[in-house]
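Undergrad: Dropping a prediction and its sequence here:
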Amino acid sequence: MNTHFTFTLESICLDEHYHPSDKSRVTTNFANLARGSYRQENLRNALKMINNSFNALAHWDNPKGDRYTVELKIISVNINIEGGGQTFPSIEILKTNILDSKTNKRIDGIVGNNFSSYLRDYDFSVLLPEYNKGKLTFTVPADFGELHGKLFKCFINSDSYKQHFTKPPVICLSVSDNKTYYRTENQHPVLGVEYQPNESSLTEQYFQKMGLQVRYFMPPNSVAPLAFYFVGDLLNDYTHLELISTISTMGTFQKIYRPEIYNANAVAGKCYQPNLNNLDHSLTKIVYDRAERSQLATQQGKFAAEHFIKPYQAVLEQWSANYA
């Protein structure tokens, strides 16, 4: 049996009028903002923060700090198994574009940025707890993250990806609150000061199986490092404006979702341990339900088990074993 996966992409603008679709993962950062009575105000304020951050970083030939506007598109990736017409909503990522009011040009940004995946929800919120039930020591299955990693690489190498995007993705995440990060002497004009962690994390290992390596940088005007997951050469494969589009977008999201770290009132020092119990931070005027988000991750993991893992288990196992 020779199984083939194909991918179809759908996109929707993330602006103040955005409504999450029925297929959208409700734990994505943007879907969480776009619910409730403050939805339009949330979106408007978040987009304003992104634009302000972008213009502050892209300050050259920009005396009033209003030259650029960031446009965001949510890219939903559906996986089609064996061409039978049945699709499963595998991942969602963000694509940035930059509008330059001085030249009236639209500049390509970066794809990736935010990353959410039903299968990752299954792996972390369903499979791992079940695997460790009754165990005294937390352990991870030997093949943990392999199917997810191979499906992601299959997507990045697919014709669908290459038709829509010219460069590999960059995904930007929060640092981990159970690791210590040490400032190095390396500094980049846009990404800022590089940090190195004291040890590898399960998230790093999971993303490594997706073909992504990681580096940690604290950009100018930021108070904590961000984790940048990428393929190739992060510092030289992307232009300054492309990198700024990711920093401003994801730095804003992290200020909203992790204010204890990214909206802290003190800047990370030479030896930095993130603390989610840090009281010395400021809140944005954006409403966000963090507890609801973790509950939904479990729900969506169960959805993946029911509609993807169980029905196609034999097909997925054989495909994964043969995938090179």
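TA: Yes, it's here.
Undergrad: burial count for residue 133?
TA: A total of 7 residues lie near residue 133 under the criterion other Cβ atoms under 10 Å. C-beta: built from backbone N, CA, C; applies to glycine.
Undergrad: again with residue 300
TA: For residue 300, the count of nearby residues is 23 (other Cβ under 10 Å).
Undergrad: is the nearest residue to residue 69 once chain neighbours are set aside in a bridge, and if so with what?
TA: Closest residue in space to residue 69, ignoring its immediate chain neighbours: residue 99 at 4.3 Å, by Cβ to Cβ, 6 or more residues apart in numbering. Beta bridges link residue 99 to residue 69, residue 106 when assigned by DSSP bridges.
Undergrad: got the contact list for residue 99?
TA: Contact criterion Cβ atoms under 8 Å, 6 or more residues apart in numbering gives 68-71, 105-107 as the residues in contact with residue 99.
Undergrad: Would you mind checking which of those residues is nearest to residue 282?
TA: Taking Cβ to Cβ as the measure, residue 282 sits nearest to residue 70 out of the contacts of residue 99, at 22.4 Å.
Undergrad: Unless I misread the structure, residue 55 falls within a helix.
TA: Yes - residue assignment for residue 55, taken from DSSP: H, G, I helix; E, B strand; the rest coil, places it within a helix.
Undergrad: What's the local residue count around the residue nearest to it when sequence neighbours are not counted?
TA: Distances taken as Cβ to Cβ, 6+ apart put residue 65 closest to residue 55, at 4.4 Å, once the chain neighbours are dropped. If you count neighbours by other Cβ under 10 Å, residue 65 ends up with 13.
Undergrad: Repeat that for residue 213.
TA: Burial of residue 213, expressed as a neighbour count using other Cβ under 10 Å, amounts to 13.
Undergrad: and if you look at residue 241?
TA: By the criterion of other Cβ under 10 Å, residue 241 has 19 neighbours.
Undergrad: Now do the SS call for it.
TA: Of the three states, residue 241 takes helix according to three-state DSSP.
Undergrad: Quick one: residues contacting it.
TA: Shown here is residue 241, whose contacts under the criterion Cβ under 8 Å, 6+ apart are 58, 68, 98, 107, 109.
Undergrad: Can you flag the buried ones in those?
TA: Buried positions within these, assessed by neighbour count (16 or more other Cβ atoms under 10 Å), are 58, 68, 98, 107, 109.
Undergrad: now, which of those residues sits nearest residue 240?
TA: Nearest to residue 240 among the buried ones among the contacts of residue 241: residue 58, at 7.3 Å, using Cβ to Cβ.
Undergrad: Now do the contacts for the closest one.
TA: With contact set as Cβ under 8 Å, 6+ apart, residue 58 has these partners: 67-68, 240-241, 244.
Undergrad: The residue nearest the centre of the chain sits in which helix or strand?
TA: In the chain, the residue lying closest to the centroid (Cα atoms, centre = their mean) is residue 114, at 2.5 Å. In this structure, residue 114 sits in strand 105-117 according to DSSP states H and E.
Undergrad: what's in contact with the helix or strand that that strand is followed by?
TA: Per DSSP H and E, strand 105-117 leads on to helix 118-122 as the next helix or strand towards the C-terminus. With Cβ under 8 Å, 6+ apart as the test, helix 118-122 has contacts from 25, 27, 88-91, 147-148, 151, 206, 297-298, 300-305, 308-309.
Undergrad: After helix 118-122, heading C-terminal, what element do we hit next?
TA: For helix 118-122, the following helix or strand on the C-terminal side (DSSP H and E) is helix 128-131.
Undergrad: got the contact list for that following helix?
TA: Helix 128-131 has contacts (Cβ under 8 Å, 6+ apart) with 139-141, 144.
Undergrad: Please state the mean pLDDT value computed over it.
TA: For helix 128-131, mean pLDDT rounds to 93.
Undergrad: Secondary structure class of residue 168, three-state.
TA: Look at residue 168: counting by three-state DSSP, its state is coil.
Undergrad: Any idea how many residues pack against residue 267?
TA: Taking other Cβ under 10 Å as the criterion, the count of residues near residue 267 is 10.
Undergrad: Would you agree the residue nearest to residue 55 is in contact with residue 56?
TA: Yes - look at residue 65 against residue 56 with Cβ atoms under 8 Å: they come within range, at 6.5 Å.
Undergrad: ok, which pair from the contacts of residue 58 is furthest apart?
TA: Largest separation among those by Cβ to Cβ: 67 and 240, giving 13.6 Å.
Undergrad: So for those two, which sits in the more crowded spot?
TA: When residue 67 and residue 240 are compared for neighbours, residue 67 comes out ahead with 19 against 14, by other Cβ under 10 Å.
Undergrad: The closest residue to residue 164 other than its chain neighbours is in what secondary structure piece?
TA: Closest residue in space to residue 164, ignoring its immediate chain neighbours: residue 9 at 5.9 Å, by Cβ to Cβ, 6+ apart. Residue 9 belongs to strand 5-13 when elements are defined using DSSP H and E.
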